[in-house]
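Chemist: prediction below, plus the sequence it came from.
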Amino acid sequence: MFNRQIRVFDPRFAIVTGSDSGIGRETAVALAEAGMDVGITWHSDEEGAEQTARLVRGEGRRAVVTQLDTSNLEACGDEIDNLAKDLGGLDVFVNNAGLGQHTPFLELGLDDWREIIATDLDGAFVCMQRAARIMVEAAAGGRIIAVTSVHEHQPRVGSSAYDAAKHGLGGLVKSLALELGQFGITANSVAPGEISTPMNNAEAEDAAKTHRPGIPIGRPGHPREIADVIAFLASPKASYVTGASFVADGGMLQMGPQGGSHLTTDDWREG
C-alpha cells in the first residue's frame, strides 16, 4: 500500500471548525485566498459564521456553513461527512473548535472535566478520523492540522483539563503522522500563545494595542498570524512536514527559566 512517489498536492476543498470568529475565521479566509472552497462551522454564533462565509465568498470561493458541536460525539463526525459532500471533496481539515478552562484543579468538577475533554479531545478525534477516511478514500493526499495551544507543551495554573486535552491532541496528531503518511496525508499541530480573540476576551485589533512584558515580541498575537502558519501547512510547500508542532507565541515559551528566576511573589499561583 505504501507509495514512495512524490505526490502533487492540489488542495481545493477545506473545512475549518470553529470558524465563526478569531483564528478559525482568519484561517478560513487565508485558505480561500489560497484558492480553496471552505466549510465553516459554528457552535453558538451563527451570524459570526455567516460573516466568515461572506469574507470567503469575497475571495471568489464557495463557502458552506453548518453548526457543529464537537462534544456531541455521536453526531459531529456525520457533520464532517456532510460538509465534505456539500463541498465536493476534502483536502485540508483544520481542527480549530474548542473550549478554554480556568478552574483550579481542586475545584474542578467531573462534569466540567468531561465537557472540556469531550470538546477539545474526543470530538477532535472523531472529526479528524472522519476527515482522514475521506482523504484516504479519495487517494489524493491531504492535510490535517490541529490548533492546540502553547499548553500542548507547557501547563498553566488553573487549566488542568485544558492542558490535558491539548497535550492529548498534540500526541494524537503525532500518531496520525505515523499512520497516514503512507496515504500522502500530513498531520501537524499549530500551538498558539496569547492571541487576541473572543475566546481571550479580546478583538483582533487589540494585538497592536496591548503591552505584554512577559512576551519577547511584547504583545499578543493577531489571529491572522496563526492563520498564516496554518495556511503554510495546508499548502503544497509543506509536503515534507508532518508530525510537527509549530509554536506561534511571540517567544512566550522561551521565558520559562527567566520567569522562574525573576518572580518575587506567589501571585502566579492564582493563574
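Modeler: Cool, got the structure.
Chemist: and the gap between Ile195 and Pro223?
Modeler: Distance, Ile195 to Pro223, using Cβ to Cβ, to the nearest Å: 6 Å. Every C-beta, even on glycine, is put in place using the N, C-alpha and C of the backbone.
Chemist: name the residues contacting each of these two.
Modeler: 22-23 (Cβ atoms under 8 Å, 6 or more residues apart in numbering).
Chemist: end to end on stretch 232-252, go ahead and measure it.
Modeler: Distance between the two ends of stretch 232-252: 22 Å, counting by Cα to Cα, to the nearest Å.
Chemist: next, the buried residues of that stretch.
Modeler: 232-235, 238, 242, 244-250, 252 (16 or more other Cβ atoms under 10 Å).
Chemist: what's the closest of these to Leu110?
Modeler: Nearest to Leu110 among the buried residues of stretch 232-252, counting by Cβ to Cβ, is Ser245 at 29.0 Å.
Chemist: excluding residues flanking it in the chain, which one is nearest that closest one?
Modeler: Once flanking residues are discounted, Ser245 sits nearest to Ser189: 4.1 Å by Cβ to Cβ, 6 or more residues apart in numbering.
Chemist: measure the one you found to Ala227 for me?
Modeler: 15 Å.
Chemist: repeat that for Gln258.
Modeler: 29 Å.
Chemist: who has more neighbours, the two?
Modeler: Ala227 (28 against 11; other Cβ atoms under 10 Å).
Chemist: quick one, strands of this protein?
Modeler: In chain order, the chain shows strands spanning 13-16, 37-42, 63-67, 92-95, 142-147, 185-192, 245-248, with DSSP state E as the criterion.
Chemist: just send those strands back as a markdown table, with mean pLDDT too.
Modeler: Below are the strands of the chain laid out as a markdown table (pLDDT from 0 to 100):
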| stretch | mean pLDDT |
| --- | --- |
| strand 13-16 | 98 |
| strand 37-42 | 98 |
| strand 63-67 | 98 |
| strand 92-95 | 98 |
| strand 142-147 | 98 |
| strand 185-192 | 98 |
| strand 245-248 | 97 |
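Chemist: max-length helix in this structure?
Modeler: As assigned by DSSP state H, the longest helix anywhere in the chain is helix 160-180.
Chemist: for that one, which outside residues touch it?
Modeler: Residues outside helix 160-180 that contact it (Cβ under 8 Å, 6+ apart) are 95, 98-101, 103, 105, 108, 112-113, 116-117, 119-121, 124-125, 128, 132, 135-136, 142, 144, 146, 148-149, 151-153, 155-156, 185-189, 191, 242-243, 245.
Chemist: let me see the mean pLDDT of that helix.
Modeler: Computed over helix 160-180, the mean pLDDT rounds to 98.
Chemist: in it, which residues are buried?
Modeler: Going by 16+ other Cβ under 10 Å, helix 160-180 has these buried residues: 160-170, 172-173, 176-177, 180.
Chemist: what's near enough to touch Thr119?
Modeler: 70-71, 97-99, 165.
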